[in-house]
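Visitor: need a structure here:
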Amino acid sequence: MFGELLVLLVVPALLAAAAGWDLASYKIPNFLSLALLGVFVLFVVMTRMTPGMIGWHLLAGLFGFAAGFTLFALGYIGGGDAKLFAAMVLWLGFGDLLDYALATSLFGGALTLALMGLRHLPLPGPLLGQRWILRLHNPRSGIPYGVALALGALVILPHTEIFRLAAG
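Guide: Residues are numbered from 1 along each chain as shown. Next comes the predicted model:
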């Protein structure tokens, strides 16, 4: 039951916090990715994952870290995005990696198109005093991709191996 609470409440709360932080500041604090790692360790203990499953999830997390770091090094995503991606790939494993990548890409594309469109529109007066909205509206600003990473994870989570394991 505790494993279910982690997957149903704690992971989504951490993802929502990461998305909100990225949206407001274009930064995802390290403690959120570290919290996802820590909660995964708790989940492993609570669900008594087999050593083989743990190994595959760790390998997937390392793969996610390598892929995220490569995208960061190429300037495509921020460092917080790379760490959040790695933490979620650790949770999801290889079995759900492609679904996660696809969902995240679709949300990322939609977010990019929406921001590009909105950046061509004038901001209403009451929003002009909001720094985070001004940053989002600035055409020279990037895309807060942590939002897409979080949404992609939240959408596929109920259909993943880790969710089924949590449900028992």
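
Visitor: May I have the phi/psi pair for Thr160?
Guide: The phi and psi values for Thr160, taken as degrees, to the nearest 10, are phi -100, psi 160.

Visitor: repeat for Gly142
Guide: phi -80, psi -160.

Visitor: State the number of residues packed around it.
Guide: By the criterion of other CB atoms under 10 Å, Gly142 has 15 neighbours. For the C-beta atoms, the positions are set from N, CA and C on the backbone; glycine is no exception.

Visitor: so how far is Lys27 from it?
Guide: The gap separating Gly142 from Lys27 is 11 Å, by CB to CB, to the nearest Å.

Visitor: so what sits against both of the two?
Guide: Gly78 (CB atoms under 8 Å, 6 or more residues apart in numbering).

Visitor: what's downstream of the helix or strand of the chain with the lowest mean pLDDT, the next helix or strand?
Guide: Every helix and strand of the chain was ranked by mean pLDDT, DSSP states H and E. The lowest is helix 2-5, at a mean of 85. Of the helices and strands lying after helix 2-5 in sequence (DSSP states H and E), the nearest is helix 11-25.

Visitor: what helices or strands is that next one leaning on?
Guide: When contacts are defined as 3 or more CB pairs under 8 Å, 6 or more residues apart in numbering; DSSP states H and E, helix 11-25 packs onto helix 30-47, helix 79-92, helix 131-137, helix 146-156.

Visitor: Give me whichever of these is most buried.
Guide: Using mean count of other CB atoms under 10 Å, the stretch among those with the largest mean neighbour count is helix 79-92, at a mean of 26.

Visitor: Go ahead and measure how far it is from the middle of the chain.
Guide: Centroid separation for helix 79-92 versus its chain: 6 Å, with CA atoms, centre = their mean, to the nearest Å.

Visitor: could you check the angle helix 11-25 makes with it?
Guide: With axes from the mean of the first three to the mean of the last three CA atoms, to 10 degrees as the basis, helix 79-92 and helix 11-25 are set at 170 degrees to each other.
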